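**Q** Sharing a model prediction with you, sequence too.
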Amino acid sequence: MDLHVRYEGDDDPDKCTARKLARFDLATLHRSDRATPYGVVLNPHAERALSPADAETARENALVALDCSWESAGEKQFTIPGEHRALPYLVAGNPVNFGRPMRLTTVEAFAAALAILGEYDHAERVMAKFTWGETFLDLNEEPLRRYAACEDSNEVVAVQQEYLDRE
Ligand SMILES: C[S@@+](CC[C@H](N)C(=O)[O-])C[C@H]1O[C@@H](n2cnc3c(N)ncnc32)[C@H](O)[C@@H]1O
């Protein structure tokens, strides 16, 4: 599955996970919406949750994230064409937002999406470039396995509810 990033470039370049992925040829960065290929767009504001039902669209087109600072990641910023999907409840494993629900880095969002879409090996490959990468997959092992076994977005939301109720 091809990974593409609409790269805004307003975050600390030394800590940017998308830039690191691009350095290892694991993702392609694009400086404008027009240049970004159509695909499944990872958007925390999307109404529909990502589910295995999106695998075909992502495989045939692309899996896309928007790399920008969280300060500028408002709903209006997500103007990339594509099928927008929010990730279900997961917790961050990165040192900046460790343990915090939903505030994932771009690489964590990609890895979670790949795992949900049935490409766990690819998720491990992208996370292997980060010292805390394995932590993210370990922390979320159970929810990722359960989301990946769902049929569609409604089932994913039902599983997510169980985790939200425990919060
Ligand atoms: C706001 S940027 C921050 C990136 C950070 N600068 C880095 O270096 O990784 C994170 C991106 O990952 C994706 N993402 C993160 N959490 C998400 C969620 N809960 N649902 C969908 N996409 C998410 C979105 O594309 C989002 O714009």
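**A** Received it, and whenever you're ready, just let me know what you need. Note that the structure is predicted; figures quoted are calculated from it, not measured.
**Q** OK, contacts around the residue nearest to the spatial centre of the chain?
**A** Centroid-nearest residue in the chain: Ala109, 2.0 Å away (criterion: C-alpha atoms, centre = their mean). Residues near Ala109 by C-beta atoms under 8 Å, 6 or more residues apart in numbering: Leu42, Ala65, Leu87. All C-beta atoms are positioned from the backbone trio N, CA, C, and that covers glycine.
**Q** hmm, the strand or helix carrying Val5 touching the ligand?
**A** Under the assignment given by DSSP states H and E, the secondary-structure element containing Val5 is strand 3-7. No. Counting by C-beta under 6 Å from any ligand atom, the ligand is not contacted by strand 3-7; separation bottoms out at 8.2 Å.
**Q** which helices and strands does the longest helix seen in the chain pack with?
**A** For the chain, the helix reaching the highest residue count under DSSP state H is reported as helix 153-166. Secondary structure elements in contact with helix 153-166, counted by 3 or more C-beta pairs under 8 Å, 6 or more residues apart in numbering; DSSP states H and E, are helix 141-148.
**Q** if we can go back for a sec, show the pLDDT at the residue nearest to the centre of the chain.
**A** Note for Ala109: predicted pLDDT of 98.
**Q** Name the SS class of it, please.
**A** Using DSSP: H, G, I helix; E, B strand; the rest coil, the structure places Ala109 in helix.
**Q** what does the strand or helix carrying Lys20 rub up against?
**A** Using DSSP H and E, Lys20 maps to helix 17-23. Applying C-beta under 8 Å, 6+ apart, the set of residues contacting helix 17-23 from outside is 3, 5, 7, 13, 27-29, 65, 67, 94, 105-108, 110, 126, 129-130.
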